[in-house]
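A.B. asks: I need the structure of the sequence given here:
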Amino acid sequence: MKDQYSDRIVRLIQLYLVGDITGEEQRELEEWCDASKKNRCFLEQICREELFSEERFVYRQIDDVKALRIFEEQIKIGSRRSIRRWWKYAAVLLLPLLIGGIWKWKSLEKEVSVVVQIPAEIRPGSQQAVLVLDDGQRVALKEKGEGEILVDERVRATKGKDRLVYAQGIPESDEIVRFNELEVPRGGEYKVTLSDGSLVYLNSVTRIKYPVVFSRKERKVFLSGEAYFEVAEDPKRPFLVEVGGIEVKVYGTFFNINSFREGGVQTVLVKGSVGVKVLASGEESMIEPGQMAEFRQGSMKVEVKEVDVNLYTDWKNGIFRFKNQRLEDILTILSNWYDVDIFYQIPSVKELHFSGYMERYKNFEIILEAITLSTGVQFSIQGKTVVVSK
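C.D. replies: Predicted coordinates:
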């Protein structure tokens, strides 16, 4: 057996750790261990750390984030320098990849690093946004500072640490609807509870425009960027989202919309039912939970397919989750969150693919080093610019 970390080996290790491995599977795993000292060292290290022991980790009731934190605490006491260094990246990648079976074996002895040529403090994003009132006044919303904001002469909103909450109001006539906007910059995220009780999670580089109080016949907002919606039920007033040439219509449901990719919009449904209508043609497509409707402006059509919704919604839970995703798309997401610019010395590396699972509040350099370990791509940080090479 080759010295590699195949999907099959991932599965065998997973079964071994939870005690469900058969005799034949045990022999197969032993053959893999006998094929290389590094393979055996890898398995023994996992067992010594006892992360997956029955007392500390129950596979059938796994809490990914909690287990990841336990994993990181355990790896701090490693004995050999190369093992210790490797486990730092494993803390970012290993746990979910053992479960998902998507990570390819890399040498334990391989040393990787990100070169920092011009020091700069690169921090994860934070809770921040700018509120634009109907009269054009701009109000900065930061983590610090809480209290009421008078958004117009009759309506107040309460600012919390991570969200803005509008007071529920009596629906207005269509003629007097007043709008507010929330702008979330690079390096930010924010939430808003609208006047009907609907909760919206806003990702970095996102803008949403919405009525201070919704009209009597509908609840319509305008979006640019990415947002996750938990829509309050109201059978008499549909909830509409206009974004990038389409209109998403719901009555009460959970869904994610992403318009970051140029010329396209992705709508992923978690719960309920939504219709995605192409504004130019009027054509409407219905999607069910677990499906994505992808609109491409070039074809003016909506394609519906089954997806893993966690890949598209975990960002709101503080998680980056990638599955066989283009490196350029991944680095665009990271650049928005960490507020950095990306420069490619070799354009071809954009087409490399990567799978992984990371907490959004991780140290930026550790995430880059984990990507290097998996893809071989090199990163150099120059101030707030990341140079990508091979």
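A.B. asks: what pLDDT does Tyr1 get?
C.D. replies: Actually, residue 1 is Met rather than Tyr. With respect to pLDDT, Met1 scores 38.
A.B. asks: Check Arg84 too.
C.D. replies: On pLDDT, Arg84 comes in at 47.
A.B. asks: so who does the residue lying closest to Thr253 once chain neighbours are set aside touch?
C.D. replies: Of all residues not flanking Thr253 in the chain, Gly272 sits nearest, at 2.5 Å (Cβ to Cβ, 6 or more residues apart in numbering). (Each C-beta comes from the backbone N, C-alpha and C, glycine too.) Residues in contact with Gly272 (Cβ atoms under 8 Å, 6 or more residues apart in numbering) are Val231, Val250, Tyr251, Gly252, Thr253, Phe254, Phe255, Pro289.
A.B. asks: what's the second one in contact with, if anything?
C.D. replies: It stands for Val250. Counting by Cβ under 8 Å, 6+ apart, Val250 has contacts Phe229, Val231, Pro238, Phe239, Leu240, Val241, Gly272, Ser273, Val274, Gly275.
A.B. asks: Number of residues surrounding the first one?
C.D. replies: Read that as Phe229. Using other Cβ atoms under 10 Å, Phe229 is surrounded by 24 other residues.
A.B. asks: Surely it touches Leu202?
C.D. replies: No: counting by Cβ atoms under 8 Å, Phe229 does not reach Leu202; the two are 10.2 Å apart.
A.B. asks: quick one: low-confidence parts of the stretch 101-250 of the chain?
C.D. replies: By pLDDT under 70, the weakly predicted segments of the stretch 101-250 of the chain are 101-120, 143-145, 170-175.
A.B. asks: same thing but 80
C.D. replies: Under the criterion pLDDT under 80, the flagged ranges of the stretch 101-250 of the chain are 101-121, 143-148, 150-155, 169-176.
A.B. asks: what does the stretch 251-390 of the chain give?
C.D. replies: 251-252, 261-263, 297-300, 357, 373-374.
A.B. asks: mind giving me the domain ranges of this structure?
C.D. replies: Listed domain ranges for the chain are 7-100, 115-122+319-389, 126-312 (source: automatic domain parsing).
A.B. asks: Quick one: distance of the last one to the chain centre.
C.D. replies: The one in question is domain 126-312. Computed by Cα atoms, centre = their mean, to the nearest Å, the chain-centroid distance of domain 126-312 equals 17 Å.
A.B. asks: now swap in stretch 362-373 and tell me
C.D. replies: The chain centre lies 16 Å from the centre of stretch 362-373; the measure is Cα atoms, centre = their mean.
A.B. asks: now stretch 306-326
C.D. replies: Distance of stretch 306-326 from the chain centroid (Cα atoms, centre = their mean) equals 5 Å.
A.B. asks: next one: stretch 328-346
C.D. replies: 14 Å.
A.B. asks: Going by neighbour count, list what's buried in that stretch.
C.D. replies: Buried residues in stretch 328-346, counting neighbours by 16 or more other Cβ atoms under 10 Å, are found at 328, 330-340, 342, 344.
A.B. asks: What about those, which are in helices?
C.D. replies: Glu328, Ile330, Leu331, Thr332, Ile333, Leu334, Ser335, Asn336, Trp337, Tyr338 (DSSP state H).
A.B. asks: so which of those residues comes closest to Lys38?
C.D. replies: Ile330 (27.3 Å; Cβ to Cβ).
A.B. asks: Can you show me the helices along the protein?
C.D. replies: Going by DSSP H, the chain shows helices at 7-18, 23-35, 37-49, 64-75, 81-100, 310-313, 327-338, 364-375.
A.B. asks: Next up, the contacts around the residue positioned nearest the centre of the chain.
C.D. replies: The chain has Trp315 as the residue nearest its centroid, 2.8 Å off, counting by Cα atoms, centre = their mean. Contacts for Trp315 (Cβ under 8 Å, 6+ apart) come out as Asn203, Glu226, Tyr228, Arg360.
A.B. asks: residues touching the residue nearest to the first one when sequence neighbours are not counted, list them.
C.D. replies: The spatially closest residue to Asn203, leaving aside those adjacent along the chain, is Glu226, at 4.0 Å (Cβ to Cβ, 6+ apart). With Cβ under 8 Å, 6+ apart as the criterion, the residues that contact Glu226 are Leu202, Asn203, Thr206, Asn256, Ile257, Asn258, Ser259, Phe260, Trp315.
A.B. asks: repeat that for 10 Å
C.D. replies: 184, 189, 201-206, 243, 256-260, 266, 312, 315-316, 333, 336 (Cβ atoms under 10 Å, 6 or more residues apart in numbering).
A.B. asks: Equivalent analysis for Gly225, please.
C.D. replies: Counted by Cβ under 10 Å, 6+ apart, Gly225 has contacts 183-184, 202-208, 243-244, 257-260, 336.
A.B. asks: quick one on the thing from earlier: make JSON lines out of the buried residues of stretch 328-346 and add distance to Val302.
C.D. replies: Shown next, in JSON lines, are the buried residues of stretch 328-346 (distance: Cβ to Cβ, whole Å):
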{"residue": "Glu328", "distance to Val302": "24"}
{"residue": "Ile330", "distance to Val302": "25"}
{"residue": "Leu331", "distance to Val302": "28"}
{"residue": "Thr332", "distance to Val302": "23"}
{"residue": "Ile333", "distance to Val302": "23"}
{"residue": "Leu334", "distance to Val302": "29"}
{"residue": "Ser335", "distance to Val302": "28"}
{"residue": "Asn336", "distance to Val302": "25"}
{"residue": "Trp337", "distance to Val302": "28"}
{"residue": "Tyr338", "distance to Val302": "32"}
{"residue": "Asp339", "distance to Val302": "33"}
{"residue": "Val340", "distance to Val302": "33"}
{"residue": "Ile342", "distance to Val302": "30"}
{"residue": "Tyr344", "distance to Val302": "32"}
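A.B. asks: What is the nearest of those residues to Gly356?
C.D. replies: Ile330 (8.4 Å).
A.B. asks: would you list every one of the strands in the stretch 251-390 of the chain?
C.D. replies: All strands of the stretch 251-390 of the chain, identified by DSSP state E, counting those that start in this stretch, fall at 254-258, 264-271, 274-278, 284-287, 291-296, 301-306, 319-326, 341-344, 353-359, 378-382, 385-389.
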